[in-house]
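Asker: Need a 3D model of the following:
(chains A, B and C)
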Amino acid sequence: MIDPEAFLDLANQVTKLKMWPYFDIAHCVMCCLAVREDLGAGSIPFSRKHPIACWLSTMMVVFAGGFLAALFLGEPLLEPFRNTQSVLLATAVWYAMFYSPFDVVYKLSKFLPVKIVIAAMKEVYRCKKVYDGVNHAAKLFPNAWMILFITGLVKGNGAGFLKIMERLVRGVWTPTAFEFLQPSFPTKACIVASIIFVLDKKTELISAPHALVYFGIVIFFVYFKLSSLLLGIHDPFIPFENLCCAVFFGGIWDSMQRAVGGNKSTDSTAKNEVKASKTEDGQTHAHKKND
Amino acid sequence: MIDPEAFLDLANQVTKLKMWPYFDIAHCVMCCLAVREDLGAGSIPFSRKHPIACWLSTMMVVFAGGFLAALFLGEPLLEPFRNTQSVLLATAVWYAMFYSPFDVVYKLSKFLPVKIVIAAMKEVYRCKKVYDGVNHAAKLFPNAWMILFITGLVKGNGAGFLKIMERLVRGVWTPTAFEFLQPSFPTKACIVASIIFVLDKKTELISAPHALVYFGIVIFFVYFKLSSLLLGIHDPFIPFENLCCAVFFGGIWDSMQRAVGGNKSTDSTAKNEVKASKTEDGQTHAHKKND
Amino acid sequence: MIDPEAFLDLANQVTKLKMWPYFDIAHCVMCCLAVREDLGAGSIPFSRKHPIACWLSTMMVVFAGGFLAALFLGEPLLEPFRNTQSVLLATAVWYAMFYSPFDVVYKLSKFLPVKIVIAAMKEVYRCKKVYDGVNHAAKLFPNAWMILFITGLVKGNGAGFLKIMERLVRGVWTPTAFEFLQPSFPTKACIVASIIFVLDKKTELISAPHALVYFGIVIFFVYFKLSSLLLGIHDPFIPFENLCCAVFFGGIWDSMQRAVGGNKSTDSTAKNEVKASKTEDGQTHAHKKND
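Answerer: Numbering: from 1, shown residues only, chains lettered A, B, ... in the order given. Below you'll find the predicted structure:
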């Protein structure tokens, strides 16, 4: 068995891990990969024809959390660009990922063992960002729980929320892609992490030492990222969500209504749980329920 | 006849009316009704499938004025979320309006006598918001009349200006729905109210006691809301607008030009007033003139 | 030959040129012309049917740089409206340009000799804006080079970056019109000017007296504006861009790859330089290369 002392020690070390520059690089690499995947087959031609738009959209992904947090907390929107060094680093990574001879850097970063290391580092970085976000907001608005939570969330997964705008910079418009319509796993994980950090900071509910809480969330992030990469498990939250939807968001009542009242005027409600209907609200949505 | 003393007394009491929590609740209920109406038949399925997007879009409607005013005045965008209590209240109302068993709360709020009371309260609340907006801006920018006016306007009818964004959160994109293309009655009423409050605050033009001015605007708001609900009179401003358009915005000159110059190069101008043309500017617009 | 003393004197005078109100008027006129051109044949009917949207979209063009700089630097978004006088001036120009009897003001401003003078004044104004932007940002963020540069850029050509939003106000949605996808000449010129001003301010690289640098940029702006108006030379940067793209953004490597590796998996890359492909990234783009 692992020694508790040693474990706490390890946790403490993880808490104090220096991010700059290796974790920053990992973050930038993952962001570039995301942009290139989003561009699909057109990524190379696009980067050749529109280098500035390509650079800007990559920067928006890299610093998404910073931009959103700055906007939400009333700081200058360009706050993340204040540190010229980190902009230069991100630009260097962007350049290497898009314009390296024979695309060698990109291909290397897609090589599974390398990708696993980078992805794991990015998750450690993400956890740090959520934590920093909550702490930074707590300094400005000590009692505004909602703001603490939201800042943590957008710092952790800002790119998800800026996706629509980032695509617009590339001339692509996807109005139905708002993150909360189909929250991705990182968003859900950041929601949970942000709530835990807020509770840890503002209440006595969590009795574990702070370093352990932090370390637990790091492990949670890394574990599910690796599951996703290696085993293809993309969303372990779905069972909880279905339960939650059934209990809190109308599931049970809707069933009861169907059982009791028949399908009089509540026809459209009744059908909802049986089969998510594509046309009822005029758009295509992925089905949240496992059907 | 009513006693002037008593009337002024009443006006004074209206000025000091406490908003929290009943008027806040009325405001939230009206906002939820607006979101549900905007969702149409798909409101129930949407609320079941996308509870977070539904919540966020409702919050955007409820706190629209606060968000816009915060952005415009350089305060943190999340300022309205600073007060956790009012977020919780709005969330509770949202929950009751969307997920109550058998939709009973929603049906109750649609019941005419109830709706009239809530709508009237919401208008009182709106007037207070416009007034607070002008005053708040006046503290920050004492001499910037435009900013005072705009803050009052967006505080009074922020939801109208955020409508495009709020729909985007729900995955619906309506680029031609910008409020000023076809200003709704509340927008126009808020324009008038905001101008009056600015004049009352910064000039000596309005000699009536402040409480009377405030009370007058409250009555104006409530009266036209009730007219709209009960009598179906939706926009009493139209005659004034037509007059204003004719005198200031080219109406008379265009007619004169048509009379004098014939339809040489100004053909498209000439046709304009006779019949609002659907295709000339490439989109569909409602006709402002009564034709 | 021109006397160096007298030349420096002239440069100094240009540096200290008073902008208010004549250069402001020239700027407003050019902005109104831009809005009217963007509206095309529908400009007159639109201005009659939607005066408020027309006014707002014109104000967004006139104060675009101010809005963006305020947002980016964390100042109140309505900062440009603080000065009521300049809003009134812009409104007066807007009114004259859209609603003058027989459209006389608009026609006059399109008359070539008049237009040349106004356009030249606007370029002088633009240079001043870039310079002021860099200086203003330097006061707030002395060491954030990126922020200095971006502020100078958006102050110089803010309208380009707000174009999408400004059109949205008019109910027109053009998601592929983001400035950086096909940077216009003013954008490129402002990029160069902003870089030079930042270098001049923060480094010792530029040894020329400050007034000469400023004057040089003014001449550069005015010269190319007049070339564009009189000779139809729209973008003198293209040769440099092609060179830059070939050297830094993959051109040479892509050619080498084609020569060495054949068209195995890199087929889409190889085709790129020969012919900009319309469908590869799913949209229509103007070709940056001269083909």
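
Asker: Is it correct that A:Met165 is in contact with A:Leu56?
Answerer: No: counting by CB atoms under 8 Å, no contact exists between A:Met165 and A:Leu56, whose distance comes to 10.6 Å. Glycine gets a C-beta too; all of them are placed from N, C-alpha and C.

Asker: higher neighbour count, these two?
Answerer: For A:Met165 versus A:Leu56, the count of surrounding residues by other CB atoms under 10 Å in any protein chain shown is larger for A:Leu56: 18 against 12.

Asker: show me what contacts that one?
Answerer: A:Leu56 makes contact with A:169, C:180, according to CB atoms under 8 Å, 6 or more residues apart in numbering or on different chains.

Asker: I'd like to know how far whatever residue of the stretch 151-291 of chain A ends up closest to chain C sits from B:Ile164.
Answerer: When you check the stretch 151-291 of chain A against chain C by CB to the nearest CB, the closest residue turns out to be A:Trp173, at 3.4 Å. Separation of A:Trp173 from B:Ile164 (CB to CB, to the nearest Å): 13 Å.

Asker: same deal with A:Thr15?
Answerer: As judged by CB to CB, A:Thr15 and B:Ile164 stand 43 Å apart.

Asker: Check A:Gly152 too.
Answerer: Shown here: A:Gly152 relative to B:Ile164, a distance of 28 Å by CB to CB.

Asker: Any residues of the stretch 51-200 of chain A in contact with chain C? List them.
Answerer: For the stretch 51-200 of chain A, the residues in contact with chain C under the definition CB under 8 Å from any CB of the partner chain are A:51-53, A:56, A:70, A:74-79, A:81-84, A:87, A:98-99, A:101-103, A:168-173.

Asker: Okay, and which of the residues you listed map to strands?
Answerer: Among these, no member falls in strands (criterion: DSSP state E).

Asker: Selection in PyMOL covering whichever of those are buried, please.
Answerer: The following PyMOL command selects only the buried members of these, with burial defined by 16 or more other CB atoms under 10 Å in any protein chain shown:
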select buried, chain A and resi 51+53+56+70+74+75+76+77+78+79+81+82+87+98+99+103+168+169+170+171+172+173
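
Asker: Give me the subset of the residues of the stretch 51-200 of chain A next to chain C lying in helices.
Answerer: If you go by DSSP state H, those have A:51-53, A:56, A:70, A:84, A:87, A:98-99, A:168-169 in helices.

Asker: how about stretch A:169-188: buried residues?
Answerer: So for stretch A:169-188, counting by 16+ other CB under 10 Å, buried means A:169-173, A:175, A:178-183, A:185-188.

Asker: For the residue of the stretch 151-291 of chain A closest to chain C, which non-adjacent residue is spatially closest?
Answerer: Leaving aside its sequence neighbours, A:Trp173 sits nearest to C:Pro175 (CB to CB, 6 or more residues apart in numbering or on different chains; 3.4 Å).

Asker: Can you list phi and psi of the one you found for me?
Answerer: phi -60, psi -20 (degrees, to the nearest 10).

Asker: How about the contacts made by it?
Answerer: Taking CB under 8 Å, 6+ apart as the criterion, C:Pro175 is in contact with A:168, A:171-173, C:164.

Asker: Against which helices or strands is the helix or strand containing A:Glu166 packed?
Answerer: If you go by DSSP states H and E, A:Glu166 is part of helix A:145-169. For helix A:145-169, the contact count by 3 or more CB pairs under 8 Å, 6 or more residues apart in numbering or on different chains; DSSP states H and E identifies helix A:22-39, helix A:51-62, helix A:64-73, helix A:112-140, helix A:185-202, helix B:84-99 as packing neighbours.

Asker: what's the angle from the second one to helix C:145-169?
Answerer: Put simply, helix A:51-62 runs at 100 degrees to helix C:145-169, going by axes from the mean of the first three to the mean of the last three CA atoms, to 10 degrees.

Asker: can I get the CA coordinates of helix A:51-62 in PDB?
Answerer: Once side chains and other backbone atoms are set aside, the C-alpha atoms of helix A:51-62 remain, and they are given as PDB (Å, rounded to 0.1, in the frame of the first residue of the first chain):
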ATOM      1  CA  PRO A  51      -2.000  33.000 -41.900                       C
ATOM      2  CA  ILE A  52      -3.300  35.900 -39.800                       C
ATOM      3  CA  ALA A  53      -6.800  34.500 -39.400                       C
ATOM      4  CA  CYS A  54      -5.200  31.200 -38.600                       C
ATOM      5  CA  TRP A  55      -2.900  32.800 -36.000                       C
ATOM      6  CA  LEU A  56      -5.800  34.800 -34.400                       C
ATOM      7  CA  SER A  57      -8.100  31.800 -34.200                       C
ATOM      8  CA  THR A  58      -5.300  29.700 -32.600                       C
ATOM      9  CA  MET A  59      -4.600  32.500 -30.100                       C
ATOM     10  CA  MET A  60      -8.300  32.700 -29.300                       C
ATOM     11  CA  VAL A  61      -8.300  29.000 -28.400                       C
ATOM     12  CA  VAL A  62      -5.000  29.200 -26.400                       C
END
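
Asker: now that helix and helix A:84-99, what's the angle there?
Answerer: Going by the same axes, to 10 degrees, helix A:51-62 makes 120 degrees with helix A:84-99.

Asker: what angle do helix A:51-62 and helix A:22-39 make?
Answerer: What separates the directions of helix A:51-62 and helix A:22-39 is an angle of 120 degrees, with the same axes, to 10 degrees.

Asker: before we move on, what about the fifth one?
Answerer: Regarding helix A:185-202 and helix A:22-39, their directions subtend 140 degrees when assessed with the same axes, to 10 degrees.

Asker: Likewise for the third one?
Answerer: Using the same axes, to 10 degrees, the interaxial angle of helix A:64-73 with respect to helix A:22-39 works out to 100 degrees.

Asker: circling back: in JSON lines: the contacts of C:Pro175, plus pLDDT and distance to A:Trp94.
Answerer: Written out in JSON lines, the entries for those read as follows (pLDDT from 0 to 100; distance: CB to CB, whole Å):
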{"residue": "A:Leu168", "pLDDT": "95", "distance to A:Trp94": "19"}
{"residue": "A:Gly171", "pLDDT": "94", "distance to A:Trp94": "18"}
{"residue": "A:Val172", "pLDDT": "94", "distance to A:Trp94": "18"}
{"residue": "A:Trp173", "pLDDT": "95", "distance to A:Trp94": "23"}
{"residue": "C:Ile164", "pLDDT": "95", "distance to A:Trp94": "23"}
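
Asker: just the buried residues of stretch A:169-188 now: which is nearest B:Ile116?
Answerer: The shortest distance between B:Ile116 and any of the buried residues of stretch A:169-188, using CB to CB, involves A:Phe180 and amounts to 34.1 Å.

Asker: buried set for stretch A:136-150?
Answerer: Residues of stretch A:136-150 classed as buried under the neighbour-count rule (16+ other CB under 10 Å) are A:136-138, A:140-141, A:144-150.

Asker: quick revisit: ok, so of the ones in helices among the residues of the stretch 51-200 of chain A next to chain C, who is nearest C:Arg36?
Answerer: Checking these against C:Arg36 with CB to CB, the nearest one is A:Leu168 at 25.5 Å.

Asker: which residues touch that closest one?
Answerer: Taking CB under 8 Å, 6+ apart as the test, what A:Leu168 contacts is C:164, C:175, C:178.
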